[in-house]
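1. Quick check, what structure comes out for this input:
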Amino acid sequence: MPKRATISYSSEDAALDRKAQEAAVHAYYCRYTGELAVMLTTALGELPRRRTDGAFVVDRSQVLARLNLDEAGVKALRRAQGGAGEGGADAEVAAAGEGGATRVEKQWRLVTKKGKLPVAYRVGANPNERYLYVIADALSATPGGAVATTASGERVPSSIADCGGGVVQVALSVRDRQPRAAVLSVGEDELTVATTAPARRGQANAEAIELLAKVLGVRKYDLSLGKGWSRASRVLYVRPPRRGAPAGDDAEGEGEGERVRLDAGEVFERLKRAVADGGSVVGGVGGA
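-> Numbers count the residues shown, from 1 in each chain. Modelled structure (predicted):
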């Protein structure tokens, strides 16, 4: 029996089509087959993520999504107890039954025309479900599914990815209350940094941002942290320089590098250099 094709995930409302024409469109390709898979009016790096599996949450009431995907059947998964919500859609998703007691979750999975591995899923049978979940690391902003590399040809780990729109996303693990602030390691799964500050009241997050701004040679204004998929994890977003940033926002010592635009390869090179240097940053961070 042939697969049922999902032609598009768009509202029947013509107003949304006009909105899509006016907005920037971000195209994403399957990492496995290189095929065009999804087009969104918001970059993946700007979207919230599910705490359960780190998938990107596409709220179709806010983001127009067009898919070049096929239905691949239903998969039942048992989800652990928790009510923390799913990424930035906490209240809406919790109300839809995405949090709370231990439960069996059914996923209607989606694959590319040539692929067999899922790249996205819904938690309802209706093709027009409000929430679409894009599986972490399944898509690339690079056509043909090419792997990101540095200028010297070294492969960039999957923990660092270009998400379109000039945004680079980094899977981050923060170890608080350490002897000094430093970049400890950069690997396939995550970047690990240490902070002297405790996690409470966002102190460790603020120190991590200050540290990484100096390591990457960018302004703190161009970095932000999103929710990760565990208590210690975060998602670091490195955005291109924006006009109108407050002049006083730059950390001391950023100098000529304060308005650079980095891709995934350049982010990896700078993080790797920091690890090789023992994670140290000229001038120190947070009094360390």
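2. any idea which residue sits dead centre in the chain?
-> Central residue of the chain (CA atoms, centre = their mean): G45, 4.4 Å from the mean position.
3. The spatially closest residue to that one that is not a sequence neighbour and G54: what is the separation?
-> Among residues not flanking G45 along the chain, C163 sits closest, at 3.0 Å (CB to CB, 6 or more residues apart in numbering). C-beta: built from backbone N, CA, C; applies to glycine. Going from C163 to G54 by CB to CB, to the nearest Å gives 13 Å.
4. Then A274?
-> Counting by CB to CB, the gap from A274 to G54 is 24 Å.
5. sorry, back to before: Three-state assignment for the residue nearest to the centre of the chain, please.
-> helix (DSSP: H, G, I helix; E, B strand; the rest coil).
6. List the contacts of it.
-> C163, G164, G165, V167, V168, Q169, Y237 (CB atoms under 8 Å, 6 or more residues apart in numbering).
7. Mind putting the residues you listed into a markdown table with secondary structure and pLDDT?
-> Output for the contacts of G45, formatted as a markdown table (DSSP: H, G, I helix; E, B strand; the rest coil; pLDDT from 0 to 100):
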| residue | secondary structure | pLDDT |
| --- | --- | --- |
| C163 | coil | 74 |
| G164 | coil | 70 |
| G165 | coil | 73 |
| V167 | coil | 85 |
| V168 | strand | 88 |
| Q169 | strand | 84 |
| Y237 | strand | 88 |
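8. Would you mind identifying the next helix or strand past the helix or strand of the chain with the lowest mean pLDDT?
-> The weakest-scoring helix or strand in the chain, judged by mean pLDDT, DSSP states H and E, is helix 90-95 (a mean of 40). As assigned by DSSP states H and E, the chain's next helix or strand after helix 90-95 is strand 103-112.
9. What is that following strand packed up against?
-> Using 3 or more CB pairs under 8 Å, 6 or more residues apart in numbering; DSSP states H and E, the elements in contact with strand 103-112 are strand 69-79, strand 120-122.
10. Can you name every helix or strand that the last one contacts?
-> So the one you mean is strand 120-122. By 3+ CB pairs under 8 Å, 6+ apart, strand 120-122 packs against strand 103-112, strand 131-134.
11. The last one pairs with which strands?
-> By that I understand strand 131-134. Taking DSSP bridges as the criterion, strand 131-134 forms sheet pairs with strand 56-59 (antiparallel), strand 120-122 (antiparallel).
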